[in-house]
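Chemist: take this sequence and fold it.
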Amino acid sequence: SGVITYVSPSISAYGHVPEDMIGRSIRDFMHPDDFEQNLEGLRAAMLAGDWQGLKLGQGRLRAADGSWVWVEGN
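Modeler: Sure, this is the predicted structure:
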């Protein structure tokens, strides 16, 4: 479903409080143009039920102030 169930505390570097992201859609935080290019990694995570093992390439994350920040997935 793309609902966030875990967020690393390191997300605070972008102004987010991890607990505030839980229960929201990953689409709320990922740039629409980058979502499609990372779709395979997202699908694999959904099928495996393993969001902590999510593998993404580069993309833009919406910071808490609304700006977009380039990040690289693990």
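Chemist: quick check, residue 23 in contact with residue 3.
Modeler: Yes - the pair residue 23 and residue 3 qualifies as a contact (CB atoms under 8 Å) at a distance of 6.3 Å. No exception for glycine: its C-beta is placed from N, CA and C like everyone else's.
Chemist: so how far is the least confident helix or strand in the chain by mean pLDDT from its chain's centroid?
Modeler: Ranked by mean pLDDT, DSSP states H and E, the weakest helix or strand in the chain is helix 39-48, scoring a mean of 73. How far helix 39-48 lies from its chain's middle: 12 Å, per CA atoms, centre = their mean, to the nearest Å.
Chemist: and after that helix, which helix or strand comes next?
Modeler: Downstream of helix 39-48, the next assigned helix or strand under DSSP states H and E is strand 58-62.
Chemist: can you list the strands that the helix or strand following that next one pairs with?
Modeler: Per DSSP H and E, the first helix or strand lying C-terminal to strand 58-62 is strand 68-72. In the sheet, strand 68-72 lines up against strand 58-62 (antiparallel) (DSSP bridges).
Chemist: which residue lies nearest the spatial centre of the protein?
Modeler: Centroid-nearest residue in the chain, with CA atoms, centre = their mean: residue 26, separated by 5.2 Å.
Chemist: retrieve the pLDDT associated with it.
Modeler: Confidence at residue 26, expressed as pLDDT, is 84.
Chemist: state the distance from it to residue 12.
Modeler: Remark: distance between residue 26 and residue 12 (CB to CB, to the nearest Å) = 18 Å.
Chemist: and what of residue 18?
Modeler: From residue 18 across to residue 12, the span is 7 Å (CB to CB).
Chemist: what does residue 22 give?
Modeler: The spacing between residue 22 and residue 12, counted by CB to CB, is 14 Å.
Chemist: and residue 61, by the same measure?
Modeler: Counting by CB to CB, the separation of residue 61 from residue 12 is 13 Å.
Chemist: follow-up on the earlier one: buried sites along the least confident helix or strand of the chain?
Modeler: Within helix 39-48, the residues scored as buried using 16 or more other CB atoms under 10 Å are 42, 45.
Chemist: returning to that earlier point: which of residue 61 and residue 12 has more neighbours?
Modeler: residue 61 (18 against 12; other CB atoms under 10 Å).
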